[in-house]
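Student: What follows is a protein structure lacking sequence information:
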Ligand SMILES: CC(=O)SCCNC(=O)CCNC(=O)[C@H](O)C(C)(C)COP(=O)(O)OP(=O)(O)OC[C@H]1O[C@@H](n2cnc3c(N)ncnc32)[C@H](O)[C@@H]1OP(=O)(O)O
Ligand SMILES: CC(C)C(=O)C(=O)O
């Protein structure tokens, strides 16, 4: 990921460099993917109504993609995380690769770290010495699966194995037989033993040949009730649209024999950036199980992202069977294990994914929160019991352990709604609409001149400085002293206020049809020509010591502007609001 401190300026395109550019990309080097002849496909109408089986391959496929593969300590942290989240099938390594993976598998078995309901799995090539070593690593495991693979696609048959279809099929079939023999010899009855086969590069393999190899493998394993086989069809390199991938799955699912004893598994990589869609559509097309990694860790552009897939289900009201309620803890652990940062725009887990900077989004979010609160109050329910309906937020950030603080952040793209949200959320001030507009212009001037983000603390400091005189922050013509008296008579209100006006202590007196108009009358006595345009107030908290906030829009000496007053006494809050406006007018 780019480090913002080192993101440089692009190389300028000059007339000379522009001339050196090719006029076209070398498209002749590539060919389109093949469509599948399955006009009666059913997957487009399918709905995903329950979680698939999940297998995490963070410790195998994810690990083999790291610059610095996980140490035993990092592997263990990942394993414990996966168990804690609820993954029941975990590929824990490639034991024949070397001591680190072999030793790790031994350690979790010998230390009893594998819960009863978790099955570990290990990958091997179809080579006898590797198979023996792989099965040896599993000695004493309560439940384990050996996962055998060989590439079946034409280029691999020609280039890697330099063999015919029959020979490549034989690698899979003979390998399966060897796995069974070594499992019998080494594991005996001590382990509930399972088997998985992957025709690697399924995406480029002719469908009828992939089927033929899988059938050959099944003829050896002999799946039946209580003895399933996992057939995992990997998009080792993602090659087509997710729809074609789904067609291929529907074709395999329809044509495989012994289908009820086959667990059909999908293993997408993300070369075209559509791995999540490929996995979801494969499930719609009949797959039962998904293999992937947390946050899409994996070779090249990654394995399919298990967090996004699980959260996609959650956001549709389907229980993913995985606990994502502390998403930042999951992210931190994965970052530690992989020594790789999760992108700030990662769906559901990125730093910025619940944050809006732009004005219209912030406005809608603020209104959405308010509407949910109003709906909950009207229904006599808690907000948490309502269907989530806040615009621009696909899920409630609270459900993954995020606070609402980061939901709205303010910069030059923001409008009044976002700023008002911050004041309401952090300071319980519910500014009237025209005052929001007035204050947002003040903030906009600051963000335009200084650039960057303005934090909630800075927004508050600007607000205080603009509207709320404090002992440290006195400005304007009028400073209120503590005393005021207000008496109501049949004919209206009489008001007396102790204040300092233009540096002199004075007693202001006035009458009117309410305390605010009485105060305007008193101000006229010291030469302030003020007229009330709008007024609103609200309490800021509950209880006897509750503060009230008053907002007053006035025309003062030809200027229209707002003031605010905060005080436990509502009359005094209004007087303060008028003083705030008068002082702003005099600035
Ligand atoms: C798509 C995937 O992610 S598949 C998983 C890939 N992961 C890994 O490879 C990680 C762990 N692997 C390793 O540490 C090493 O590859 C080892 C230790 C297992 C084997 O190492 P080596 O013996 O040096 O073999 P190497 O890795 O170079 O494999 C190449 C040989 O295996 C053969 N081979 C490759 N895949 C397979 C397979 N699935 N089944 C049988 N043979 C295979 C190749 O044809 C080649 O044979 P050749 O030497 O006769 O031409
Ligand atoms: C071994 C298989 C499942 C694999 O990792 C892949 O093809 O990507």
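Tutor: Looks like it arrived, so ask away. In this text the structure is predicted, and so the values were computed from the model without any measurement. Ligands and ions are numbered 1, 2, ... in the order given.
Student: what number of residues lie near the residue of the stretch 401-550 of the chain found nearest ligand 2?
Tutor: Nearest residue of the stretch 401-550 of the chain to ligand 2 (CB to the nearest ligand atom) works out as residue 401 at 31.2 Å. (C-beta placed from N, C-alpha, C; glycine too.) Using other CB atoms under 10 Å, residue 401 has 13 neighbouring residues.
Student: What does the pLDDT read for the residue lying closest to it once chain neighbours are set aside?
Tutor: Closest residue to residue 401 apart from its sequence neighbours, by CB to CB, 6 or more residues apart in numbering: residue 326 at 4.5 Å. At residue 326, the predicted lDDT confidence score is 97.
Student: can you check residue 12 too?
Tutor: 66.
Student: got it, and residue 499?
Tutor: Looking at residue 499, its pLDDT stands at 88.
Student: That one and residue 510 touch, don't they?
Tutor: No - using CB atoms under 8 Å, residue 499 makes no contact with residue 510, being 12.0 Å away.
Student: And for the lengthiest strand in the chain, what's in contact with it?
Tutor: Of all segments of type strand in the chain, defined using DSSP state E, the longest is strand 478-489. Contact with strand 478-489 is made by 469, 493-501, 505, 515, 518, 571-572, 575-576, 579, 582-583, as judged by CB atoms under 8 Å, 6 or more residues apart in numbering.
Student: domain assignment for the protein?
Tutor: Residue ranges for the domains of the chain, per the TED database: 59-314, 412-467, 478-586.
Student: and the residue nearest to residue 38 when sequence neighbours are not counted, what helix or strand is that in?
Tutor: Spatial nearest neighbour of residue 38, excluding adjacent residues (CB to CB, 6+ apart): residue 247 at 5.2 Å. Using DSSP states H and E, residue 247 falls within helix 242-255.
Student: and what of residue 498?
Tutor: strand 492-501.
Student: Just the mean pLDDT for stretch 209-227, thanks.
Tutor: Mean predicted confidence for stretch 209-227 is 98.
Student: Can you give me the buried ones in it?
Tutor: Applying a neighbour-count criterion of 16 or more other CB atoms under 10 Å, one finds 209-218, 220-221, 223 buried in stretch 209-227.
Student: Enumerate the positions of stretch 426-443 that are buried.
Tutor: 427, 429, 430, 431, 432, 434, 435, 436, 438, 439, 440, 443.
Student: what's the most distant pair in those residues?
Tutor: 427 and 434 (18.8 Å; CB to CB).
Student: For the residue of the stretch 201-350 of the chain found nearest ligand 1, give me its contacts.
Tutor: In the stretch 201-350 of the chain, the residue found nearest to ligand 1 is residue 236; the distance is 4.8 Å by CB to the nearest ligand atom. By CB under 8 Å, 6+ apart, the residues touching residue 236 are 151, 200, 201, 202, 203, 267, 269.
Student: Go again with 7 Å.
Tutor: Going by CB atoms under 7 Å, 6 or more residues apart in numbering, residue 236 touches 200, 201, 203, 269.
Student: And the pLDDT at the third one?
Tutor: The per-residue pLDDT reported for residue 203 equals 97.
Student: again with the last one
Tutor: With respect to pLDDT, residue 269 scores 98.
Student: Next one: residue 410 relative to residue 392, how far apart?
Tutor: 15 Å (CB to CB, to the nearest Å).
Student: Skipping adjacent residues, who's closest to residue 240 in space?
Tutor: Counting by CB to CB, 6+ apart, the residue nearest residue 240 is residue 33, at 3.8 Å.
Student: For the longest helix anywhere in the chain, give the mean pLDDT please.
Tutor: The longest helix of the chain (DSSP state H) is helix 359-379. Regarding helix 359-379, the rounded mean pLDDT is 95.
Student: list the buried ones in the helix or strand just after it?
Tutor: Using DSSP H and E, the helix or strand that follows helix 359-379 in sequence is helix 416-427. For helix 416-427, a neighbour-count test (16+ other CB under 10 Å) marks 416, 417, 418, 419, 420, 421, 422, 423, 424, 425, 427 as buried.
Student: Need the pLDDT of the fourth one.
Tutor: Which is residue 419. 94.
Student: For the stretch 151-300 of the chain, which residues are neighbours of ligand 1?
Tutor: With CB under 6 Å from any ligand atom as the criterion, the stretch 151-300 of the chain meets ligand 1 at residues 160, 161, 171, 200, 236.
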